[in-house]
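Chemist: 3D, please:
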Amino acid sequence: KVTSAGAGSPNRLLYTGPATVTPPPAPKPLPPALVVANPGARSTVLGTTASLQLTATGGTTPYTWKANGLPTGLTINTAGLISGTPTVTGTWTVFATATDAARKIATTTFTWTVAKAVCPPVANVADVRIRDLTQAVSTVNVTGCVGKASTASIIEIHVRHSARGQLVVELVAPDGTVYPLLSHTGGTADNIDQRFTRNLSAENANGVWQLRVRDTQLGDSGYVDRWMLDL
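Modeler: Numbering: from 1, shown residues only. Sure thing, here's the model as predicted:
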């Protein structure tokens, strides 16, 4: 009922009902926070191939990766794959960073240790005759020792001979490289029982190593009693 409409009021009213207000669209949900998974402490044998795929969750894909502090010989690509062959022993602290498509950044830190393979000493205890003016060769075969030999490899030799000064003694690596040990040392004294330390890090540990003992004069002879190689 309408009362007191006043002069000039229309004789018909229009009812439109309550006003309708359209709410604004809900905000787009934010992606979960970018998180880089920590791979944990890593360990690799010197001279062997290493591979590690870094991973992340959250953020806006794709991710772009970088890493600082990798062991010498390893690299990372933009997809987060670390690969290569380590060339130096030691322990490194690696800082890995992922950047997502929205330029958000997440990092993780882990250690990576590179160690020389544990190689037990090898020995040859078979006697090898040393005749006048000839060369005796005794060998050992190293297997399962991945990577290079040590910077402080040990060669221990035991030779029975009545005039050690006549002898030239050498170690021969699998690739043919010769490492002198003794040359005409000791005069007319008997026998050689000696330990040597040599840097053999340029050599692959695996393979056949030779101990060569050469007699350079007439009149005395002997034999290689035994020898040991610790790489």
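
Chemist: where does the protein dip in pLDDT?
Modeler: Along the chain, segments meeting pLDDT under 70 span 1-19.

Chemist: Now do the buried residues in stretch 69-80.
Modeler: In terms of neighbour count (16 or more other C-beta atoms under 10 Å), stretch 69-80 has its buried residues at 70-71, 73-74, 76, 80. For glycine as for every other residue, the C-beta is placed from the backbone atoms N, C-alpha and C.

Chemist: and that stretch, how far apart are its ends?
Modeler: End-to-end span of stretch 69-80 (C-alpha to C-alpha, to the nearest Å): 14 Å.

Chemist: Next: stretch 27-44.
Modeler: Length of stretch 27-44, first residue to last, C-alpha to C-alpha: 48 Å.

Chemist: Buried ones in it, by neighbour count?
Modeler: Residues of stretch 27-44 classed as buried by neighbour count (16+ other C-beta under 10 Å): 34, 36, 39, 42, 44.

Chemist: Looking at the residues you listed, which one is closest to Thr61?
Modeler: Leu34 (9.8 Å; C-beta to C-beta).

Chemist: need the contact list for the closest residue to that closest one other than its chain neighbours.
Modeler: Distance criterion C-beta to C-beta, 6 or more residues apart in numbering; nearest residue to Leu34, sequence neighbours excluded, is Gly59 at 3.1 Å. When contacts are counted by C-beta atoms under 8 Å, 6 or more residues apart in numbering, Gly59 is found next to 31-34, 98, 100-102, 104, 106.

Chemist: for Gly59, phi and psi?
Modeler: Here is the backbone geometry of Gly59 (degrees, to the nearest 10): phi 60, psi -160.

Chemist: Same check on the one 4 residues further on?
Modeler: Taking degrees, to the nearest 10, you get phi -100, psi 150 for the backbone angles of Tyr63.

Chemist: Isn't it up against Ala56?
Modeler: Yes. Applying C-beta atoms under 8 Å as the test, Tyr63 and Ala56 come out as touching, 5.3 Å apart.

Chemist: Domain-wise, how is the protein divided?
Modeler: 35-115, 122-230 (automatic domain parsing).

Chemist: From one end of the shortest one to the other, what's the distance?
Modeler: Its start and end residues considered, domain 35-115 measures 30 Å (C-alpha to C-alpha).

Chemist: If you tally nearby residues, what's the number for Leu182?
Modeler: 18 (other C-beta atoms under 10 Å).

Chemist: How about the one 4 residues further on?
Modeler: By the measure other C-beta under 10 Å, the count of residues near Gly186 is 16.

Chemist: Which residue, neighbours along the chain excluded, lies closest to it?
Modeler: Nearest residue to Gly186 in three dimensions, chain neighbours excluded: Arg164, at 3.9 Å (C-beta to C-beta, 6+ apart).

Chemist: Where do the helices of this protein begin and end?
Modeler: Applying DSSP state H to the chain gives no helices.

Chemist: middle-most residue in it, spatially?
Modeler: Centrality entry for the chain: nearest residue to the mean C-alpha point is Pro86, 3.6 Å, by C-alpha atoms, centre = their mean.

Chemist: hang on, that one packs against Trp92?
Modeler: No. Under the criterion of C-beta under 8 Å, Pro86 is not in contact with Trp92, lying 9.2 Å apart.

Chemist: Find the residues that touch each one of these two.
Modeler: Residues touching both Pro86 and Trp92 (C-beta under 8 Å, 6+ apart): 71, 114.

Chemist: Could you double-check that Gly219 lies in contact with Asp132?
Modeler: Yes. In this structure, Gly219 is within contact of Asp132 by C-beta under 8 Å, at 7.0 Å.

Chemist: Good, wrapping up.
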